[in-house]
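J.: how does the following fold in three dimensions:
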Amino acid sequence: PPNLPRPHMQQHRPNNRGGKQPHPQILPHDFPLNRSSGAASLFEHLEQRVLVCLRDGRHIYGTLLSFDSFANIVLEAATERTILAGLYSDADAGIVFIRGENVMFLGEIDPVKEREVLRDMREVGKAEMNEIIRRNARENAERAEGMAGAAAEGSWPINDDFI
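T.: Numbering: from 1, shown residues only. Sure thing, here's the model as predicted:
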């Protein structure tokens with residue numbers, strides 16, 4: 001529209017003290033911004049399907065809806081996916097807000113590759129996946145206790161090749 005200020009022209013407007021102050025700069029839609037680092041680099045992923053890996057090990061898939069300068073992000077149509085030993089489970093999460101300090105990394109998802117990976121896995125329900133995780137944790141704890149007991153008794157197997 002002709003009544004908008006042009007980006008290259010410096011326009012002035014009155015300030016509270018009767019003087020003039022520069023008009024805020026208006027950038028054209030295709031203006032190249034420096035998106036090389038920090039939260040600004042998330043700009044290129046807006047409205048794209050992304051994978052967010054969190055510090056606690058969870059993986060959240062969704063469409064990047066918004067972000068701020070602290071890299072806090074909002075995902076829509078989000079899903080928490082758990083993958084373990086050829087099995088996967090998806091739990092719908094809807095719209096999710098994630099604090100930037102909890103994000104380890106974020107990346108765009110290629111839907112074709114995602115389907116290829118999931119094709120070789122079996123989908124299970126969230127309850128079944130939680131039971132498998134608990135069973136694996138119990139087995140790992142028992143194995144660790146057995147190793148600790150063997151080491152304390154001095155019956156730890158030692159390979160003579162390294163002595």
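J.: please make it C-alpha for all contacts and neighbour counts, starting now.
T.: Will do.
J.: can you list contacts of stretch 45-59?
T.: Under the criterion CA atoms under 8 Å, 6 or more residues apart in numbering, residues 60-66, 80-82, 102-109 lie in contact with stretch 45-59.
J.: what about the nearest residue to residue 86 once chain neighbours are set aside, neighbour count?
T.: Take residue 86 and drop its neighbours on the chain: the residue closest to it by CA to CA, 6 or more residues apart in numbering is residue 121, 4.9 Å away. In terms of burial, residue 121 registers 14 neighbours under the definition other CA atoms under 10 Å.
J.: go on, the one 4 residues further on?
T.: Counted by other CA under 10 Å, the residues lying close to residue 125 total 12.
J.: same deal with the one 10 residues further on?
T.: The burial metric for residue 135, expressed as a neighbour count using other CA under 10 Å, is 12.
J.: can you pull the buried residues of the helix or strand it falls within?
T.: Remark: residue 135 resides in helix 126-153, with elements defined by DSSP states H and E. Taking 16 or more other CA atoms under 10 Å as the neighbour-count basis, helix 126-153 is seen to contain the buried residues residue 129.
J.: measure residue 141 to residue 112 for me?
T.: When CA to CA, to the nearest Å is the yardstick, residue 141 and residue 112 sit 38 Å from each other.
J.: tell me where this structure has helices.
T.: Assignment of helices within the chain using DSSP state H yields the ranges 111-119, 126-153.
J.: so for residue 98, which of those helices sits nearest?
T.: For residue 98, the closest of the helices of the chain is helix 126-153, at 21.4 Å, according to CA to CA.
J.: wait, the residue nearest to residue 86 sits on residue 87?
T.: Yes: Residue 121 is in contact with residue 87 according to CA atoms under 8 Å; the separation is 5.3 Å.
J.: could I get the helices of the chain as JSON lines with mean pLDDT?
T.: Formatted as JSON lines, the entries for the helices of the chain read as follows, by pLDDT from 0 to 100:
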{"stretch": "helix 111-119", "mean pLDDT": "90"}
{"stretch": "helix 126-153", "mean pLDDT": "84"}
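J.: which one of the ones you listed lies nearest to residue 97?
T.: For the helices of the chain, proximity to residue 97 was assessed by CA to CA; helix 126-153 is nearest, at 21.5 Å.
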